[in-house]
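> sequence first, then the predicted structure, then my questions.
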Amino acid sequence: MIQVGFRRAFAVLAIAAVGVAPAVLDAQVRGGTQGRAGGRGQMAQRGGLTAADIQAQFDQYVISQAEGVLLISDEQRPQFVRRVRALQAARRQARVARNRLLAEMSQLLRGRGGDEERLAAATRAIDEHERNTLANVQKAYAVIDEVLTPWQRAR
């Protein structure tokens, strides 16, 4: 598996992106764009960044930092890049799904004295999602490890 330091770097960068992306998007929306469809068009016309642009830049930053730390060779680069992007995509998808599940739970809780059976099912769904996310991220790390040399894995 990848060393803890490497994982910690990924985690720090992920936390930074989660904190920065909403602030950038919020600032752009407050800058005069109205509505979802109109806002996207106006942001693009003004040279603003979309959420997809921010994600792509963040992914590229993570990849470049990892390449520098691990001294990825030219032969390893294509597979390494593809696999790190898959890891980042899996994390993003998991975060979106988790937020959706939490929003559903929040709606149930706002009902005050809501159906306990539905609350229990929502809690189980979140727990199951967390287990699946952990397994998927571990698989993604294992796939990245396949590309790395023992020295790179130790780094």
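The structure has been received and is ready for your questions. Residues are numbered from 1 along each chain as shown.

> residues touching residue 147, list them.
76, 79-80, 83 (CB atoms under 8 Å, 6 or more residues apart in numbering). Heads up, the C-betas are built off the backbone N, CA and C, glycines and all.

> give me the buried entries from the residues you listed.
Buried by 16 or more other CB atoms under 10 Å: 76, 80, 83, out of the contacts of residue 147.

> closest to residue 95 among the residues you listed?
residue 83 (19.0 Å; CB to CB).

> report the buried residues of the helix or strand containing residue 80.
Residue 80 is part of helix 77-110 when elements are defined by DSSP states H and E. Using 16+ other CB under 10 Å as the test for burial, helix 77-110 gives 80-81, 83-84, 87-88, 91-92, 94, 101, 105, 108.

> can you lay out those residues as a markdown table showing pLDDT?
Shown next, in a markdown table, are the buried residues of helix 77-110 (pLDDT from 0 to 100):
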| residue | pLDDT |
| --- | --- |
| 80 | 94 |
| 81 | 94 |
| 83 | 94 |
| 84 | 94 |
| 87 | 94 |
| 88 | 93 |
| 91 | 94 |
| 92 | 93 |
| 94 | 96 |
| 101 | 95 |
| 105 | 90 |
| 108 | 87 |
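
> ok, back up a step: next structured bit after the helix holding residue 80?
helix 116-147.

> I'd like the next helix or strand past that next one.
helix 150-154.

> packing partners of that next one?
Packing partners of helix 150-154 (3 or more CB pairs under 8 Å, 6 or more residues apart in numbering; DSSP states H and E): none among the helices and strands.

> having no further points to raise, I will conclude here.
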